[in-house]
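A.B. asks: need a structure here:
(chains A and B)
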Amino acid sequence: MWALLVLIGAAAVSAHPQDLAFDGQKVFRVIPQNDEQVEIINSLASNMQVDFWQPDSVTLVMPKMQVDFRVEADKSFEVEDLLKESGVEYRVLIDNLQAALDAQFDSKVRTARHSYEKYNNWEMIAAWTADIAAQNPDLVSRSVIGETYEGRPMYLLKMGKSGPNKAAIFMDCGFHAREWISPAFCQWFVKEAVETYGKDTFMTTLLNSLDFYVLPVVNIDGYVYTWTNDRMWRKTRSKNAGSRCIGTDPNRNFNAGWCTLGASKKPCDSTYCGSAPESEKETKALADFIREHLSTIKAYLTIHSYSQLLLFPYSYAYKLPSNYDELNAIAHAASKQLASLYNTEYTYGPAATTIYPAAGSSDDWAYDQGIKYSFTFELRDTGRYGFILPESQIKPTCEETLLAVKYIANYVLEHLY
Amino acid sequence: DISDVGHKYHLELVLEDVLDKDSTVNCTAEVLYHLANKNIAPDVQFTIEGELKNTDEADNMFYNRIRSLEKELVAENIPDSHGNVSPEMEPIHLLAWVASGYVIWQNSTENTKFQLAQIKHVKQVKRSDEYLEFDYMILLHEMVSQEIIPWQMTVLWHPQHGVQVTQ
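C.D. replies: Got it, this is the predicted structure:
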């Protein structure tokens, strides 16, 4: 067995992405509850080649222990059936070992590790999008919807069990570079989806019935800049003609009452609306994607910080959307859900009066495109730490926000149009 | 709306102890924003219904710790990029927060909403009297314009005599 591990180790280290030695092989994580279930694992190991990753050998398997093992591609279905039939608790740790290996080589050297409870830099997030898709091919696929000003690929994750004619919900994070808790939430959402699919009936239904498009960081260039140069940067990093000031406010750059109210025409200002609607490559990529998938996208969520608000249109004018009562009721209920976990109080309402008027915002634009359910979240806190929310608050913030997002998703599912 | 004078707001609020969320105190206030000269700070009258917690012990501990430092305190980026504040810096952070409250009050209008975003730099200035003096460079976040405004403030503090801010 040890020799086998060395062989695999050697193979893994020397494998080129083109080698398909491990293609289709699965790694299972099983937790046998009693001696009976341990026996099931024993007989499995005697009937076929099972490579134990932990513990080292089948003889060390005990009840309540986490048991990880690899099986050949052509045996994996048999194994999964057996586990299901005998009621043994399991999950697929690696769905395709080859893909996971390839993903590891694709990503640059990572000195720190990705963590859902820490802030991850862009390199870590980019690598994570590859890993999470490779590990969960039935639920997650990654695509590129465009390039940022500085040439970085904008990764989008499509989540959901594949099926015909599915409606979708679009969610983005990281519009404003300094709002670090926002991309943290998108990553958390994806993690929760893949980890609780098949275990949590609610999440399972959501992913079976709907697709979620998750854009973990919209303004990647800005986000990188907050890690390397200025933690308080907000805008994109595009050059402005005739000015030494950099960047456009991506959430003033959409074609929704563009640059009329609550936005600035001056490139040096934080709320600069840009030279034209969708002047920014990032906003254009996002808008193009939504336009192309308009027939399936039924809700639009955009995550920001801070202030603890749940907003809906309009912000480009002090006018109310036609389904104001409905949106207000959803926001009320979603806020209650959110508060149920840690008593975090959110204020909700139409954006112009609840926060401030701001023309050119993505949620107004999405709404006017026909996406009836369009919400902006402003996550924790209310100013004590503001943009620099401590990492210790990532988990509770994400947990409570997830409740609100799930509520909205469920509502949309029950009111498809 | 008070014609020719300005806008007056009557507020009922609850003060919550930042260090102890269960400790709250009711408060009423009246704020008058001047119409004529927008450069004057709004008038504020307030009444606290109850008592604020006694912080003598913590105050004295901090005071004595700083007084006994061999070299003047110097620090940067509080909180750091990830939101961390070391326990030793927490009082420095809180002091900045209080002092920035004064700066914010002096610079507020009906169209601004300021918050302390970060302490970029703080330097202790040795004094011959019993006050502690800190030179802060802070960043203020203005919500409506979304601008980050650097601000320099000098803060004097003494456990019994309270806070004084010079901009």
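A.B. asks: mind giving me the domain split of chain B?
C.D. replies: B:6-49, B:55-165 (the TED database).
A.B. asks: most packed of those?
C.D. replies: domain B:55-165 (a mean of 16; mean count of other CB atoms under 10 Å in any protein chain shown). Using the backbone N, CA and C atoms, a C-beta is placed for each residue, glycine as well.
A.B. asks: work out for me the element whichever residue of chain B sits closest to chain A sits within.
C.D. replies: Nearest residue of chain B to chain A, counting by CB to the nearest CB: B:Gly83, 3.2 Å away. Using DSSP states H and E, B:Gly83 sits within no helix or strand.
A.B. asks: which strand in chain B runs the most residues?
C.D. replies: Secondary structure assigned by DSSP state E gives strand B:20-34 as the longest strand of chain B.
A.B. asks: check which element follows that strand along the chain.
C.D. replies: strand B:43-49.
A.B. asks: what does that following strand contact?
C.D. replies: Strand B:43-49 is contacted by residues B:Leu15, B:Val25, B:Asn26, B:Cys27, B:Thr28, B:Ala29, B:Glu30, B:Val31, B:Leu32, B:His34, B:Trp105 when judged by CB atoms under 8 Å, 6 or more residues apart in numbering or on different chains.
A.B. asks: mind running it again at 7 Å?
C.D. replies: By CB atoms under 7 Å, 6 or more residues apart in numbering or on different chains, the list of residues contacting strand B:43-49 from outside reads B:Val25, B:Asn26, B:Cys27, B:Thr28, B:Ala29, B:Glu30, B:Val31, B:Leu32, B:Trp105.
A.B. asks: now for the third one: which residues touch it?
C.D. replies: Applying CB under 7 Å, 6+ apart to B:Cys27 gives the contacts B:Leu13, B:Leu15, B:Phe46, B:Thr47, B:Ile48, B:Glu49.
A.B. asks: what sits opposite the last one in the beta ladder?
C.D. replies: Legend: beta-bridge partners of B:Glu49 under DSSP bridges are B:Asn26.
A.B. asks: picking that back up, can you tell which of the domains of chain B is closest to A:Asn343?
C.D. replies: domain B:6-49 (9.1 Å; CB to CB).
A.B. asks: chain center to that closest one, what's the gap?
C.D. replies: Its chain's C-alpha centre and that of domain B:6-49 lie 14 Å apart, by CA atoms, centre = their mean, to the nearest Å.
A.B. asks: residues in contact with the residue lying closest to A:Ala167 once chain neighbours are set aside?
C.D. replies: Nearest residue to A:Ala167 in three dimensions, chain neighbours excluded: A:Lys298, at 4.8 Å (CB to CB, 6 or more residues apart in numbering or on different chains). A:Lys298 makes contact with A:Ala167, A:Ala168, A:Ile169, A:Ile371, A:Tyr373, A:Val412, A:Leu416, A:Tyr417 under the criterion CB under 7 Å, 6+ apart.
A.B. asks: pretty sure the first one contacts A:His415?
C.D. replies: When you say that, I think you mean A:Ala167. No. Look at A:Ala167 against A:His415 with CB atoms under 7 Å: they stay out of range, at 10.5 Å.
A.B. asks: more neighbours: which of the two?
C.D. replies: Between A:Ala167 and A:His415, counted using other CB atoms under 10 Å in any protein chain shown, the more crowded position is A:Ala167 (17 against 13).
A.B. asks: beta partners for that one?
C.D. replies: A:Leu210.
A.B. asks: gap between it and A:Asn208?
C.D. replies: 12 Å (CB to CB, to the nearest Å).
A.B. asks: could you tell me how many residues sit around A:Leu20?
C.D. replies: 11.
A.B. asks: also the one 10 residues further on?
C.D. replies: Applying other CB under 10 Å, we find 22 residues neighbouring A:Val30.
A.B. asks: need the residues that contact whichever strand or helix holds it.
C.D. replies: For A:Val30, the host element (DSSP H and E) is strand A:26-31. Contact with strand A:26-31 is made by A:41, A:53, A:64, A:66-71, A:76, A:79, A:83, A:88-95, A:97, as judged by CB under 7 Å, 6+ apart.
A.B. asks: the strands in the chain, which residues?
C.D. replies: Using chain A. For chain A, the strands defined by DSSP E occupy A:26-31, A:50-54, A:67-71, A:89-94, A:140-147, A:153-159, A:167-173, A:210-215, A:297-305, A:309-312, A:347-350, A:373-379.
A.B. asks: wait, chain B
C.D. replies: Using DSSP E, strands in chain B cover B:6-17, B:20-34, B:43-49, B:74-78, B:114-125, B:132-142, B:147-158, B:162-166.
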